[in-house]
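Participant: predicted model follows, preceded by the sequence.
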Amino acid sequence: MIALFGFILILVLSNFEFGYCIHFPINSAAIGNASAGISREYQLIFAHVLYRHGDRNIVGTFPKNQYSDLKYWPGGYGALTNVGKRQQYELGKYIRRRYLKKLISEYYLPNEVYIRSTDVDRTLISAQCNLAGLYPPTGQQVWQASFKWQPIPVHTVALESDYLLYPVPTSCPRFTHYFNEYLQSVEMKSLMREHKDFIDFLRKNSGIQNMTLEALTILYDTLFVQNLKGFALRDWEKKAFNSNRTLAYLAGVYYEAFSHTKEMKKLEAGFLLKEILDRFKNKSLSLLQRSLHIYSAHNLTIANVLNTLNFFKDLHIPPYASSMYFELYKRGAEYFVQFFYRRTPTETAPLKILNCDVMCPLKRVYEIYKDVLPSDTESYATLCRLPN
């Protein structure tokens with residue numbers, strides 16, 4: 001783990017994720033017209049979908065938490081809830097409406113779609129629930145008349161090897177160096193001093209002795225989830241949770257810290273973005289048959305991608321089942337890219353690409369983000385080495 005903090009955190013590596021949903025406004029300058037139509041001369045030929053898992057239990061606790069007992073958390077800490085399963089099922093139906101007869105057939109075909117998840121229970125289960133909505137069996141794919149579901153493969157790799165989707169590097173000394181350097185910077189120390197009285201208040205009431213920015217984030221997440229589940233909050237918890245949204249803001253700052261510099265952006269999201277763009281390039285060269293690639297991941301995964309693409313100027317935390325869409329269009333002999341962010345079921349907005357537009361030539365996208373994309377000769381292992 002990147003930082004240590006002095007409170008009880010019943011947590012294993014696969015549960016290390018911050019699951020709060022802070023709703024700060026998105027930078028309006030970076031958002032295009034959500035209702036803007038796409039000219040018929042543009043033909044959609046490929047898409048990537050990146051989504052966050054659905055609603056889940058708390059991932060950690062603190063010494064004076066009255067709801068630490070597992071009896072309050074069916075399935076255990078970090079488990080996907082029934083609400084989360086339904087969220088993903090509905091998201092799968094939305095993806096079907098978005099791409100049916102454009103990129104995918106009515107039937108599931110393995111040469112059309114590929115699904116990858118982090119090796120975490122809640123993302124793996126989210127992917128299965130999403131696929132239930134995306135591909136309800138029909139015709140010859142109905143194998144049990146009374147059971148409208150079909151098994152579809154979801155691929156994964158071990159967490160310690162997953163530098164594409166898992167947002168908390170466990171074996172990248174270079175990232176750890178930059179991350180801890182930023183947390184110990186003058187800027188961050190000044191931030192903690194500015195909120196010293198509030199932090200001391202939280203330390204006294206929560207029982208957390210080493211109140212780092214990471215600890216504040218986990219505390220916020222725990223209170224957020226417990227409040228969302230309808231559990232009664234004590235007076236100090238209400239004050240902590242609602243006091244001018246200070247705790248939410250500090251959690252948001254910690255979130256942004258993972259991809260604060262160009263070097264960290266490259267390590268946290270650069271390899272995923274390069275895979276997406278390279279797959280677009282291969283599709284444009286007729287080297288790829290599939291037309292849809294889906295990733296099931298975490299809110300920090302999405303936040304890192306948004307920040308790396310310069311769509312994260314105003315803090316917000318990607319909510320449960322939020323999603324991003326990376327789409328490739330063909331116009332004549334040219335290829336264009338468009339990004340969308342579906343923050344909630346009622347918010348799906350095209351993102352205006354830096355120094356370009358909502359519809360941007362593929363070659364231009366490579367140029368715009370060249371500083372945060374690894375080169376063809378740079379491997380993750382090489383970039384993770386400590387700087388001299």
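Facilitator: Nice, I can see it. Numbering: from 1, shown residues only.
Participant: would you double-check that residue 350 falls in a helix?
Facilitator: No: under DSSP: H, G, I helix; E, B strand; the rest coil, residue 350 sits outside any helix and is assigned strand.
Participant: what pLDDT is listed against it?
Facilitator: Residue 350 is assigned a predicted lDDT (pLDDT) of 92.
Participant: what is it paired to in the beta sheet?
Facilitator: Beta-bridge partners of residue 350, counted by DSSP bridges, are residue 340.
Participant: mind checking how far it is from residue 344?
Facilitator: Distance, residue 350 to residue 344, by C-beta to C-beta, to the nearest Å: 16 Å. In this view, the C-beta of every residue, glycine as well, is placed from N, C-alpha and C.
Participant: what about these two, which has more around it?
Facilitator: Between residue 350 and residue 344, residue 350 has the larger neighbour count (other C-beta atoms under 10 Å), namely 21 against 12.
Participant: how near is that one to residue 44?
Facilitator: 13 Å.
Participant: count of residues packed around residue 376?
Facilitator: Applying other C-beta under 10 Å, I find that residue 376 has 7 neighbouring residues.
Participant: just residue 255 next, same as before
Facilitator: 24.
Participant: quick check, it in a helix?
Facilitator: Yes: assigned with three-state DSSP, residue 255 falls within a helix.
Participant: now it: closest residue in space that isn't a chain neighbour?
Facilitator: residue 303 (5.4 Å; C-beta to C-beta, 6 or more residues apart in numbering).
Participant: now the one you found, what's its secondary structure?
Facilitator: helix.
Participant: gap between it and residue 162?
Facilitator: Applying C-beta to C-beta to residue 303 and residue 162 gives a distance of 17 Å.
Participant: those two: who's more crowded?
Facilitator: residue 303 (26 against 19).
Participant: so that one touches residue 318, yeah?
Facilitator: Yes: using C-beta atoms under 8 Å, residue 303 and residue 318 qualify as a contacting pair, with a distance of 5.8 Å.
Participant: what pLDDT does the closest residue to residue 354 other than its chain neighbours get?
Facilitator: Nearest residue to residue 354 in three dimensions, chain neighbours excluded: residue 310, at 4.8 Å (C-beta to C-beta, 6+ apart). pLDDT for residue 310: 93.
Participant: ok, longest helix in the protein?
Facilitator: Ranked by number of residues, the top helix in the chain under DSSP state H is helix 82-99.
Participant: packing partners of whichever helix or strand comes after that helix?
Facilitator: For helix 82-99, the following helix or strand on the C-terminal side (DSSP states H and E) is strand 113-117. Counting by 3 or more C-beta pairs under 8 Å, 6 or more residues apart in numbering; DSSP states H and E, the packing neighbours recorded for strand 113-117 are helix 121-134, strand 292-297.
Participant: between those, which gets nearest to residue 282?
Facilitator: Closest to residue 282 of those is strand 292-297 (C-beta to C-beta; 11.3 Å).
Participant: ok, the most far-flung residue of the chain relative to its centre to residue 135 distance?
Facilitator: Within the chain, the residue lying farthest from the chain centre (C-alpha atoms, centre = their mean) is residue 145, at 35.8 Å. Distance, residue 145 to residue 135, using C-beta to C-beta: 17 Å.
Participant: so where do the helices sit in the stretch 201-350 of the chain?
Facilitator: Counting by DSSP state H, counting those that start in this stretch, the stretch 201-350 of the chain has these helices, from start to end: 213-228, 235-242, 246-257, 262-265, 271-284, 299-308.
Participant: I'd like these as TSV, with distance to residue 375 appended.
Facilitator: Shown next, in TSV, are the helices of the stretch 201-350 of the chain (distance: least, C-beta to C-beta, whole Å):
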stretch	distance to residue 375
helix 213-228	32
helix 235-242	45
helix 246-257	25
helix 262-265	14
helix 271-284	9
helix 299-308	16
